[in-house]
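S.K.: just the structure for this:
(one chain, ligands or ions: 2)
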Amino acid sequence: MRTKRIDQDTRRHFIRLCLLSEEDKDRRRKEENEETKCSSSNNYVSYGTAGFRCHHAALDVIAFRCGFIASCVAAFSRTNATNNNSNDAPPFTAAGICVTASHNEASDNGLKIVDGHGNVLGEAYEHACEMICNAKTEAQLENALDCFEEKLPFLETSREDAKKTAVVYFGRDTRESGERLVEKAKEGARALGGRSSGVAVKICDRGVVTTPMLHYFVYAHGKAVEAFYENNKQQEEKNDEDATERSLWEKIDAATQELAYFKRLAVGYLSLIEEDEEKKKKGKNVVEGLRANATTLPPLHIDCANGVGFVAFEKLMALFDVIRENSSSSENSRRSATPTPPTTKEIALVLKNGPNDGPVNLNCGSDFVQKNQRAPETPSTRLSFVNQRCASVDGDCDRLVYFSIEEGEEEGKEGENSSKKQNFMLCDGDKLSILIAFFLIEQLFLAGLAHKISLGIAHTAYSNGAFTKFCEKNGVETVCAKTGVKNVHKAAEEHFDIGVYFESNGHGTALFSDEAVKVIEKELVDELTRMSVEQHLRKEEEKHIQSVILTTKLKALLTLKATIQTINPAIGDAISSVLLIEGILRKKGNMPFQEWHAMYRDLPTKQTKVKVRDRTVIECFDSERKCLKPEGLQQRMDEILLLDSCVKNNNRRAFVRPSGTEDIVRVYVEASDAETCEKISTKVEEAVIEFCN
Ligand code: 16G
Ligand code: MG
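M.R.: Ligands and ions are numbered 1, 2, ... in the order given. Okay, the predicted model is just below:
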């Protein structure tokens with residue numbers, strides 16, 4: 001039998017609640033004459049690059065409706081566990097709601113919907129979500145729900161009385177309005193539950209968490225259900241149903257707690273750097289060995305954007321402390337399967353700009369640092385970043401950039417009046433990609449898997465031209481995608497077995513396909529087997545040579561495995577990326593920041609915003625590197641790029657695109673020198689105004 005999607009009674013109930021809230025909204029607007037700053041006029045809130053985002057005061061209604069949408073997504077999700085066995089629909093499928101406005105100012109907030117796999121809700125739903133959230137009349141709501149239902153899959157089940165629990169995970173960043181909006185979203189989620197729908201809605205509120213943590217919980221939920229069903233299939237005899245459900249729920253609960261998330265990452269990181277200690281002693285690679293012997297990696301000062309990242313990093317550090325304490329109190333720890341615990345030397349993070357230090361993202365955070373090319377300017381920490389190794393995350397902790405500011409005396413001046421000369425160096429998403437990709441390529445090669453597993457980098461048009469040239473020169477394949485995590489993620493997934501992707505703004509991760517993970521795991525098992533067999537067979541005199549070769553391969557395989565564990569498999573995650581980058585830098589013999597930064601030199605760029613009457617008149621193609629409409633604009637830009645030169649200059653690049661998060665057009669220009677950049681940028685801005693108004 002095919003169970004219905006949203007039943008009539010639930011539909012009516014939801015529409016009634018929506019209409020009540022519309023009345024309420026109108027009344028309140030009149031009473032308070034409140035002024036909201038939505039991205040568009042008429043209080044129409046569009047589904048932006050990553051969900052709904054605007055002034056928090058306009059979001060109550062949207063939060064309620066997104067809650068309902070998430071419940072439906074959870075109720076009608078499939079897990080892989082049921083693919084071959086439609087008779088046994090799993091009782092718990094999940095979705096998530098994250099209340100955050102990322103790097104926006106503190107008065108904004110937003111809603112992100114997470115699908116059953118822990119991914120951002122698919123593009124196919126976006127239009128319907130926008131219709132539901134902006135519908136004002138009964139007819140509009142009916143129409144919007146019809147459109148949404150078409151996207152929902154039918155659940156196949158043979159059990160008439162199939163009961164279903166839709167689990168919805170909630171999380172929020174540190175914004176004041178977050179708690180209120182989570183409550184609204186929960187009300188919306190509950191609107192699906194009831195006898196008529198046959199769905200019980202279970203709310204799992206994980207409180208103040210980073211966006212990637214919330215994604216991880218939904219991902220881990222799905223995996224726990226999948227593993228449980230896989231196990232149960234093998235035990236043929238059917239247990240008591242209630243007991244089975246209880247036991248499944250216990251498993252889900254354990255897998256979707258903060259502790260499980262932090263443990264995964266921490267253990268991954270410790271396994272990743274474990275070999276490093278041994279390598280230091282042996283000095284395997286001459287350069288890395290010498291460097292490692294001479295230096296330690298200085299502490300990393302992290303600007304947490306006055307946001308949730310601070311809270312989460314603190315919890316991670318507390319877990320490292322526990323591991324350290326446990327291991328020092330246990331004499332046998334060295335022989336146990338858990339990796340060697342960290343000492344301060346192995347992981348040293350100095351956390352700055354927490355929620356008590358000021359409004360989220362105000363003069364700090366990765367967006368501020370990357371766009372302004374300077375250190376965070378919060379009063380308490382302004383100077384403390386100078387001459388340190390630093391990193392910066394955004395308000396919901398899914399972006400990461402590294403930076404360093406060298407300060408020295410201005411030449412020829414001394415004493416009190418001397419002004420300091422500062423040299424700001426940024427390692428943005430491009431350089432994170434390069435470091436991770438080159439490291440993984442080396443490991444694949446050492447593991448003998450380079451021919452079996454493809455690796456490449458996905459990026460956006462915002463990547464620096466010097467980055468793409470550097471990749472090309474070094475034979476690393478790249479693919480350009482449209483702006484937005486969902487697009488770059490998809491490109492990385494589609495093109496490579498291991499797809500490393502970062503937007504220049506620091507949003508990204510390395511994606512390992514299921515197949516790549518399987519190949520690595522199988523090779524590891526094979527290698528261990530081969531080693532133990534050979535140990536018995538080979539002659540004494542060959543032993544030394546053989547063991548060196550095998551150890552290199554085995555270590556690379558173990559490193560790849562540890563890398564997979566250090567990465568949040570659901571989505572780009574600044575905490576996971578910090579651990580991965582720190583791990584890689586250590587494995588590279590404590591590679592200094594300057595050396596990483598100097599791998600290639602960025603071309604000067606300029607990014608500006610232009611306000612036009614209707615930004616949607618701009619239509620782009622070629623991953624937003626060219627524009628199709630308005631007619632003539634691209635040709636004009638091509639002419640501008642020839643400025644003061646009659647031949648095409650390969651270092652010059654310019655593109656324009658309508659922003660997905662603000663009501664403006666973004667202009668990007670790149671050239672060999674800052675002055676030309678400036679000139680071209682001014683001319684392109686003028687052209688945009690001319691063609692778009
Ligand atoms: C959002 C996107 C980010 C993108 C940015 C572009 C997510 C989670 N975030 O922050 O990936 O770079 O928007 O903004 O998808 P823009 O369209 O205003 O340039
Ligand atoms: Mg963010």
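
S.K.: the helix or strand harbouring Arg12: which residues count as buried?
M.R.: Of the helices and strands defined by DSSP states H and E, Arg12 is found in helix 8-32. Neighbour-count burial for helix 8-32, counted by 16 or more other CB atoms under 10 Å, picks out Thr10, Arg11, His13, Phe14, Ile15, Leu17, Cys18, Ser21, Glu22. To be clear about C-beta, it is placed using only N, CA and C from the backbone, and glycine gets the same treatment.

S.K.: for the last one, give me its contacts.
M.R.: The one in question is Glu22. Contacts were defined as CB atoms under 8 Å, 6 or more residues apart in numbering; by that measure Glu22 touches Val61, Lys136.

S.K.: quick check: mean pLDDT of stretch 588-602?
M.R.: Averaged over stretch 588-602, pLDDT sits at 95.

S.K.: what residues does the protein put near ligand 2?
M.R.: Contact residues, the chain versus ligand 2 (CB under 5 Å from the ion): Ser102, Asp394, Asp396, Asp398.

S.K.: re earlier: mind checking what helix or strand follows the helix holding Arg12 in sequence?
M.R.: Next along the chain after helix 8-32, taking DSSP H and E as the criterion, comes strand 52-55.

S.K.: okay, that following strand in PDB with CA atoms only?
M.R.: Listed next in PDB are the C-alpha coordinates belonging to strand 52-55 (Å, rounded to 0.1, in the frame of the first residue of the first chain):
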ATOM      1  CA  PHE A  52      15.800  32.200   4.900                       C
ATOM      2  CA  ARG A  53      17.700  35.100   6.400                       C
ATOM      3  CA  CYS A  54      16.700  38.600   7.500                       C
ATOM      4  CA  HIS A  55      15.900  40.700  10.600                       C
END
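
S.K.: where along the stretch 401-550 of the chain do the helices fall?
M.R.: Using DSSP state H, counting those that start in this stretch, the helices of the stretch 401-550 of the chain run over 429-446, 465-473, 485-495, 514-537, 543-566.

S.K.: tell me which of the ones you listed approaches Ser645 most closely.
M.R.: Closest to Ser645 of those, according to CB to CB: helix 465-473, at 16.4 Å.

S.K.: okay, the angle between the closest one and helix 429-446?
M.R.: Angular relation of helix 465-473 and helix 429-446 on a 0 to 180 degree scale: 10 degrees, by axes from the mean of the first three to the mean of the last three CA atoms, to 10 degrees.

S.K.: what's helix 465-473 packed up against?
M.R.: Under the contact criterion of 3 or more CB pairs under 8 Å, 6 or more residues apart in numbering; DSSP states H and E, helix 465-473 touches helix 429-446, strand 455-460, strand 477-481.

S.K.: got the residues of this protein near ligand 1?
M.R.: 49-50, 102, 483-486, 503, 505, 507, 659-662, 666 (CB under 6 Å from any ligand atom).

S.K.: try it again with 8 Å
M.R.: 48-51, 102-103, 112, 120, 211, 398, 460, 462, 483-486, 488, 503, 505, 507, 572, 657-662, 664, 666 (CB under 8 Å from any ligand atom).

S.K.: give the rounded mean pLDDT of the helix holding Arg12.
M.R.: For helix 8-32, mean pLDDT rounds to 82.

S.K.: next one: that helix to chain centre, how far?
M.R.: Chain-centre distance of helix 8-32: 34 Å, with CA atoms, centre = their mean, to the nearest Å.

S.K.: could you do stretch 71-79 as well?
M.R.: 22 Å.

S.K.: which residues are in contact with that stretch?
M.R.: 5-6, 90, 93-95, 113, 115-116, 121, 125, 148, 152-155, 164, 166-168, 188-193, 197, 199, 201, 222, 225-226, 229.

S.K.: taking this structure, what residue is nearest to ligand 2?
M.R.: The chain approaches ligand 2 most closely through Ser102 (3.2 Å), counting by CB to the ion.

S.K.: wait, that residue sits on Asp394?
M.R.: Yes. Assessed by CB atoms under 8 Å, Ser102 is found in contact with Asp394 at 5.7 Å.

S.K.: quick one: which of the two has more around it?
M.R.: It is Asp394, of Ser102 and Asp394, that has more neighbours when counted by other CB atoms under 10 Å, with 35 against 29.

S.K.: give me the pLDDT for that one.
M.R.: 97.

S.K.: so what's it up against?
M.R.: Residues counted as contacts of Asp394 (CB under 8 Å, 6+ apart) are Ser102, His103, Ala305, Gly307, Gly309, Asn361, Gly365, Ser366, Asp367, Gly506, Ala574.

S.K.: ok, the last one - how many residues close by?
M.R.: Meaning Ala574. Ala574 - counted by other CB under 10 Å - has 32 other residues nearby.

S.K.: just the pLDDT at it, thanks.
M.R.: According to the prediction, Ala574 has pLDDT 98.

S.K.: what do you get for the third one?
M.R.: Here, the pLDDT recorded for Ala305 equals 97.

S.K.: tell me where the stretch 101-250 of the chain has helices.
M.R.: Taking DSSP H, counting those that start in this stretch, the helices of the stretch 101-250 of the chain run over residues 126-134, 138-151, 178-190, 211-234, 241-255.

S.K.: got it, and the stretch 551-693 of the chain?
M.R.: For the stretch 551-693 of the chain, the helices defined by DSSP H, counting those that start in this stretch cover 574-587, 593-597, 633-640, 674-692.

S.K.: now swap in the stretch 251-400 of the chain and tell me
M.R.: Taking DSSP H, counting those that start in this stretch as the criterion, the stretch 251-400 of the chain carries its helices at 258-282, 286-294, 308-329, 366-372.

S.K.: now do Gly222 against ligand 1, distance only.
M.R.: Counting by CB to the nearest ligand atom, to the nearest Å, the gap between Gly222 and ligand 1 amounts to 20 Å.

S.K.: that residue touches Asp115, doesn't it?
M.R.: No. At 9.6 Å, Gly222 does not count as touching Asp115 under the criterion of CB under 8 Å.

S.K.: quick check: chain neighbours aside, which residue is closest to Pro630?
M.R.: Nearest non-adjacent residue to Pro630, counting by CB to CB, 6 or more residues apart in numbering: Phe691, 4.6 Å away.

S.K.: from the residues of the chain next to ligand 1, list the buried ones, please.
M.R.: 48, 50-51, 102-103, 112, 120, 211, 398, 460, 462, 483-486, 488, 503, 505, 507, 572, 657-658, 660-661, 666.

S.K.: just give me how far stretch 113-122 sits from the chain centre.
M.R.: The chain centroid and the centroid of stretch 113-122 are separated by 12 Å under CA atoms, centre = their mean.

S.K.: make that stretch 578-588, sorry
M.R.: Offset of stretch 578-588 from its chain centre (CA atoms, centre = their mean): 18 Å.

S.K.: pull out the buried residues from that stretch.
M.R.: By neighbour count on 16+ other CB under 10 Å, the buried set for stretch 578-588 is Val578, Leu579, Leu580, Ile581, Glu582, Gly583, Ile584, Leu585, Arg586, Lys587, Lys588.

S.K.: what's the end-to-end length of stretch 47-56?
M.R.: In stretch 47-56, first residue to last residue: 15 Å (CA to CA, to the nearest Å).

S.K.: for it, which outside residues touch it?
M.R.: Applying CB under 8 Å, 6+ apart, the contact partners of stretch 47-56 are 36-39, 45-46, 59, 62, 66, 101-102, 104, 107-113, 120-121, 126-127, 129-130, 133, 175, 177, 181, 483-486, 660-661.

S.K.: one step back: closest to ligand 1 among the contacts of Asp394?
M.R.: Ser102 (5.6 Å; CB to the nearest ligand atom).

S.K.: show the pLDDT at that closest one.
M.R.: With respect to pLDDT, Ser102 scores 94.

S.K.: who's in contact with it?
M.R.: Contacts for Ser102 (CB under 8 Å, 6+ apart) come out as Ala50, Arg53, Gly110, Thr211, Asp394, Gly395, Asp396, Asp398, Arg399.
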